[in-house]
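A.B. asks: Sequence and predicted model, in that order:
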Amino acid sequence: MRHLKSLPEFILLYIKCHPQLWHHVLLIHQEREMEMEEGMMNYAGAGSGQKLEGELGRFIKVSTSVVISLSYCFIAGKLIRKGKPRLFSFIPIVIFFLTLPLSLQSVHLCGSVAFFVTWLANFKILLLAFDKGPLSDPSLSLSRFIALACFPIKIDRKSSNNQSSTSSKKVNSSVWIYLIKCLLVSLFIKSKYNSRNLNPTLVLAILCLHTYLVLELTMALVAAISRFSLGLDLEAQFNEPYLSSSLQDFWGRRWNVMVSRILRPTVYDPTMWVASRFVGRKWAPLVAVFNTFIVSAIMHEIIFLYLGRRRPTFMISWFFVFHGFCLVVEITLKKLNEGCGGFGLPRMVATILTMGFVLVTASWWFFPEIIRCKAESRAFDEYAIVGAFFRRRIIGDFKFM
């Protein structure tokens with residue numbers, strides 16, 4: 001047997017040492033092979049265009065109802081005093097937003113509505129009830145109010161004219177980076193339909209990279225649309241999470257930054273205020289961090305319930321609760337070693353350990369749930385539907401010109 005020379009081979013060796021995980025991966029690979037033959041026939045057929053148009057029609061109705069609901073919140077926020085009266089006026093909208101993802105079947109559309117509206121918009125509306133959060137700015141116009149409510153964005157008010165040249169350079173470099181990432185996603189899509197010839201562990205690694213790239217590209221697309229349509233100078237949502245040197249660095253400063261920002265005023269700060277009365281200001285952050293991860297676990301569980309429409313196994317919850325516990329241990333050790341010079345590791349070693357820990361625990365609890373609700377398979381099938389739709393509608397039109 002040849003020596004291990006690549007990361008996929010190392011992951012393969014790790015999984016083979018865990019029989020249950022290896023058996024699970026093999027079953028996934030076999031199911032993928034069976035779905036591949038059926039998927040190309042079912043989703044590229046004549047009815048795929050009708051399915052796409054029907055889903056887009058439902059998405060337009062959902063989007064229209066979101067705009068109307070947020071317009072109500074915009075007016076109510078100006079007419080009703082903050083506190084319980086405003087909160088009671090927002091409760092019907094919050095409940096309504098909880099039901100919206102059930103109207104959609106598409107993984108991309110249902111997942112986007114669940115994340116942007118059910119999670120972010122609801123949390124921001126709850127903050128507005130007490131005149132807090134990004135929506136409490138009285139100078140916001142209706143269009144900006146709606147954009148800030150349903151999109152994971154934040155206006156960067158620190159930008160100035162002196163920074164325009166540097167920001168333009170960052171934009172130009174970001175364009176090339178995102179083009180490369182789009183190319184990688186297209187290669188992953190192609191590899192899905194050639195998965196018969198791929199190692200099942202490599203398929204799992206592709207799923208990992210595909211999940212990250214799709215999330216980042218989705219956030220970047222939302223930011224670009226908001227920048228060009230509303231003139232907002234937006235902050236990045238991902239800050240190279242693969243370079244994280246600790247769990248605190250990964251979850252607090254690099255991964256999905258907007259979620260961290262919205263969880264701080266809605267969960268972390270209130271818990272910090274209550275916990276400080278019982279355990280003091282020094283140790284209250286530990287309670288606040290753990291409680292924040294519990295709320296994040298609940299919201300992720302709800303999103304996966306929308307995607308799979310199956311009885312939850314709570315594996316997603318275990319993933320976030322476990323990471324919350326480990327982050328509490330990490331912060332505790334840092335506090336205990338503040339006066340001892342610390343126990344810092346070399347940056348490269350810390351990054352390898354952190355990302356290895358995240359990927360291994362994700363392979364235990366997070367990615368199996370994605371596979372269980374067939375989110376990745378349905379996502380690739382939706383790519384095939386869109387591709388077939390445009391081939392018929394656009395390329396077909398050129399044949400008759």
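C.D. replies: Good, I have the coordinates. Numbering: from 1, shown residues only.

A.B. asks: Now residue 272: closest residue in space that isn't a chain neighbour?
C.D. replies: In space, and not counting its chain neighbours, residue 272 is closest to residue 288: 4.2 Å by C-beta to C-beta, 6 or more residues apart in numbering. Every residue, glycine included, has its C-beta placed from N, CA and C.

A.B. asks: Just the pLDDT at that neighbour, thanks.
C.D. replies: pLDDT, residue 288: 94.

A.B. asks: swap in residue 300?
C.D. replies: Reported pLDDT for residue 300: 94.

A.B. asks: From what I see, it and residue 318 are in contact.
C.D. replies: No - in terms of C-beta atoms under 8 Å, residue 300 does not count as a neighbour of residue 318; the distance is 10.9 Å.

A.B. asks: more crowded one of those two?
C.D. replies: Neighbours per residue (other C-beta atoms under 10 Å) separate residue 300 from residue 318, with residue 300 holding more: 19 against 15.

A.B. asks: okay, and for the stretch 1-150 of the chain, where does confidence drop off?
C.D. replies: 1-50 (pLDDT under 70).

A.B. asks: for it, what spans make up the helices?
C.D. replies: Secondary structure of the stretch 1-150 of the chain (DSSP state H, counting those that start in this stretch): helices located at 7-16, 19-42, 48-79, 84-99, 107-113, 122-129, 142-150.

A.B. asks: For the last one, buried residues please.
C.D. replies: When burial is assessed from 16 or more other C-beta atoms under 10 Å, helix 142-150 yields the following buried residues: 144, 145, 146, 147, 148, 149, 150.

A.B. asks: And the second one, how far from residue 109?
C.D. replies: In this structure, residue 145 and residue 109 are separated by 23 Å, where distance is defined by C-beta to C-beta, to the nearest Å.

A.B. asks: With the first one instead?
C.D. replies: Distance, residue 144 to residue 109, by C-beta to C-beta: 24 Å.

A.B. asks: Equivalent analysis for the last one, please.
C.D. replies: When C-beta to C-beta is applied, the distance between residue 150 and residue 109 equals 14 Å.

A.B. asks: Please spell out which residues along stretch 69-81 are buried.
C.D. replies: For stretch 69-81, the neighbour count (16+ other C-beta under 10 Å) marks 69, 70, 73, 74, 76, 77 as buried.

A.B. asks: Show me which of these is closest to residue 51.
C.D. replies: Distance to residue 51 across these (C-beta to C-beta) is lowest for residue 69, with 26.9 Å.

A.B. asks: pretty sure the closest one contacts residue 94?
C.D. replies: No - contact criterion C-beta under 8 Å: residue 69 and residue 94 do not qualify, at 9.7 Å.
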